[in-house]
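Trainee: With the sequence up front, the predicted model follows.
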Amino acid sequence: MQRTIEYARNGIYVLWLLQWTPDLDAKRYAPQIWEKWLHAAYFGRVYYWIEGLSVAAYHFDPQFKSVPKKSWYSESGEKIRARGYSRRSKRYRMAVRGETFNLATDFIPTDRKWWEGNGLKVPDAKLFLAKLKTVRHAATLEYARIVMRRTLGNRVKLGLVDGGQTSLEMTPEMRATHLYLCGSTGTGKSKMLEYLIRQDIANWSKSKCGLLLLDPHGSLYDSLINWISWQEPHLKGVPIVPIDLRQTDWTVAYNVMRPRTKADPAVIVNNFVQAMSYVWGVDGTDRTPLFARVGSNVLWTLYEKQMTLLETEYLIDRTNMRLRTEMTAGLSKRSVAQDWAYANGLSPRDFDAQISSTVNRFHSFLHNEKLRSCSAKMVLPSILERRLKRARSSS
């Protein structure tokens, strides 16, 4: 990392290449710490030199180890059973080979912004990145660049410094981190937030930096709507979309699994899995590898097939294997397709043992009437229609 920093200081773009080894194409691969660092630095890719001017790109997917179910007898003679499960390997990864590039013509200099996560730190760097040939990979890189770039907000005034006329302000850099407002009831927390939000709305025409307000109580929402009504002549052109979640006579339709044109599906699915884990009070999925795998498979299927969360109840239905097989047919990601092929061959009891933890986590989403109403229309009828046509043609 230090050499990368020094190269960047001197304005030198660098391409870190590793020697290709047949071990990369094995079922599992144990990357070294510097390979993991390069994987982060190059937005989920590591470049390996093969021969001549040929360079292959590899991506590291998680590797899971299956622990079979077992039974034994206690000292009292009672038979004890333990369900099988899968856990994420800390050492091994699945190395997925991508495109092959020409070392002389396929790499372009790129300024890479700093990033930190998963125990790795990537500094500001000047790197040669491959000119990705497929639309999907190009969109993935563009999305990664957007994520790594720090989006700065507006400078907002908090008030005056005690004993003087100096303005106390929060800079955009300060606002890039978390802000926590605490105080007893009636001390003005909501009014303080309203004061900051008013400045963001007023400055939108200059900065084009928007905001999303989620008000679980409604008082802050009402105050802002009143202020916006009075200020309407001065806020022309500002896109304001008020949504009152307290209303019960109408519902905001929002499909969280809608396709994103400039995002890697793997990034979207992983973010949803991490968010669901957080809702259940767990920071990450290191301690719940089975949910990480099954949950990712379910969400990947919904995302690729352009379904909604409502179709989850059919994917995790242990009794309707035929419909589940139809819904998971033709998936593009090999590891997900293989997992579903295996799951669809299990008995209802074994299938339930595999997905029980996932069912518990999806339960809150599937049985909440408000969330069910918010989901877009179900696409399952089209699958049933295909099955009917197939049955008619075969008969």
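Mentor: Good, I have the coordinates.
Trainee: Now stretch 32-46: average pLDDT?
Mentor: Averaged over stretch 32-46, pLDDT sits at 91.
Trainee: typo on my end, stretch 306-320
Mentor: Averaging pLDDT along stretch 306-320 yields 87.
Trainee: now it: how far from the chain's centre is it?
Mentor: Mean-position distance between stretch 306-320 and its chain equals 20 Å (CA atoms, centre = their mean, to the nearest Å).
Trainee: in that stretch, what counts as buried?
Mentor: Across stretch 306-320, burial judged by 16 or more other CB atoms under 10 Å covers 307-312, 314-316, 318. For the C-beta atoms, the positions are set from N, CA and C on the backbone; glycine is no exception.
Trainee: Farthest pair within those?
Mentor: Longest distance between any two of these is 20.9 Å, between Thr308 and Arg318; criterion CB to CB.
Trainee: Tell me where the model's unsure across the stretch 1-150 of the chain.
Mentor: Scanning the stretch 1-150 of the chain for pLDDT under 70 picks out 83-85, 132-150.
Trainee: what are the ranges of the strands in it?
Mentor: Ranges of strands within the stretch 1-150 of the chain are 18-19, 46-51, 54-67, 70-73, 79-82, 85-102, 107-112, 115-117, 120-122, 125-130, based on DSSP state E, counting those that start in this stretch.
Trainee: Quick check: which of the ones you listed is buried the most?
Mentor: strand 125-130 (a mean of 20; mean count of other CB atoms under 10 Å).
Trainee: for it, packing partners?
Mentor: helix 2-9, strand 107-112 (3 or more CB pairs under 8 Å, 6 or more residues apart in numbering; DSSP states H and E).
Trainee: rerun at 10 Å
Mentor: Applying 3 or more CB pairs under 10 Å, 6 or more residues apart in numbering; DSSP states H and E, one finds that strand 125-130 makes contact with helix 2-9, helix 33-41, strand 46-51, strand 85-102, strand 107-112, helix 135-148.
Trainee: which residues are in contact with the second one?
Mentor: Residues from elsewhere that reach helix 33-41, judged by CB atoms under 10 Å, 6 or more residues apart in numbering: 1, 4, 16-18, 24, 29, 31-32, 45-48, 58-60, 93, 95, 112, 115-123, 125, 127, 129.
Trainee: was I right about Leu129 contacting Gly44?
Mentor: No - using CB atoms under 10 Å, Leu129 makes no contact with Gly44, being 11.6 Å away.
Trainee: Okay, and Gly163 sits in which element?
Mentor: Per DSSP states H and E, Gly163 falls between elements, in no helix or strand.
Trainee: pLDDT at it, what is it?
Mentor: If you check Gly163, the pLDDT there is 70.
Trainee: swap in the one 10 residues further on?
Mentor: According to the per-residue confidence, Glu173 scores 73 in pLDDT.
Trainee: What is the burial count for Lys113?
Mentor: Number of residues near Lys113 (other CB atoms under 10 Å) recorded here: 13.
Trainee: Oh, that last question was meant for Arg349, not what I typed.
Mentor: Arg349 sits with 8 neighbouring residues when counted by other CB under 10 Å.
Trainee: How about Ser296?
Mentor: Neighbour count of Ser296, defined by other CB under 10 Å: 22.
Trainee: Give me the helices and strands touching whatever helix or strand it lives in, please.
Mentor: Ser296 is part of helix 289-304, with elements assigned from DSSP H and E. Where contact means 3+ CB pairs under 10 Å, 6+ apart, helix 289-304 is packed against strand 54-67, strand 85-102, helix 265-279, helix 312-315, helix 321-327, helix 334-343, helix 348-366.
Trainee: let's go with 7 Å and repeat that
Mentor: Applying 3 or more CB pairs under 7 Å, 6 or more residues apart in numbering; DSSP states H and E, one finds that helix 289-304 makes contact with strand 85-102, helix 265-279, helix 312-315, helix 334-343, helix 348-366.
Trainee: Pull the CA coordinates from that helix and hand them back as PDB.
Mentor: Output of helix 289-304 as PDB, limited to C-alpha atoms (Å, rounded to 0.1, in the frame of the first residue of the first chain):
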ATOM      1  CA  PRO A 289     -23.600 -17.900   7.000                       C
ATOM      2  CA  LEU A 290     -26.600 -20.100   6.200                       C
ATOM      3  CA  PHE A 291     -28.900 -17.100   6.000                       C
ATOM      4  CA  ALA A 292     -26.300 -15.200   4.000                       C
ATOM      5  CA  ARG A 293     -26.300 -17.900   1.400                       C
ATOM      6  CA  VAL A 294     -30.000 -18.800   1.300                       C
ATOM      7  CA  GLY A 295     -31.100 -15.200   1.600                       C
ATOM      8  CA  SER A 296     -28.700 -14.100  -1.200                       C
ATOM      9  CA  ASN A 297     -30.100 -16.900  -3.400                       C
ATOM     10  CA  VAL A 298     -33.700 -15.800  -2.800                       C
ATOM     11  CA  LEU A 299     -33.000 -12.100  -3.400                       C
ATOM     12  CA  TRP A 300     -30.800 -12.800  -6.500                       C
ATOM     13  CA  THR A 301     -33.700 -14.800  -8.000                       C
ATOM     14  CA  LEU A 302     -36.200 -12.000  -7.300                       C
ATOM     15  CA  TYR A 303     -33.900  -9.400  -8.700                       C
ATOM     16  CA  GLU A 304     -32.900 -11.200 -11.900                       C
END
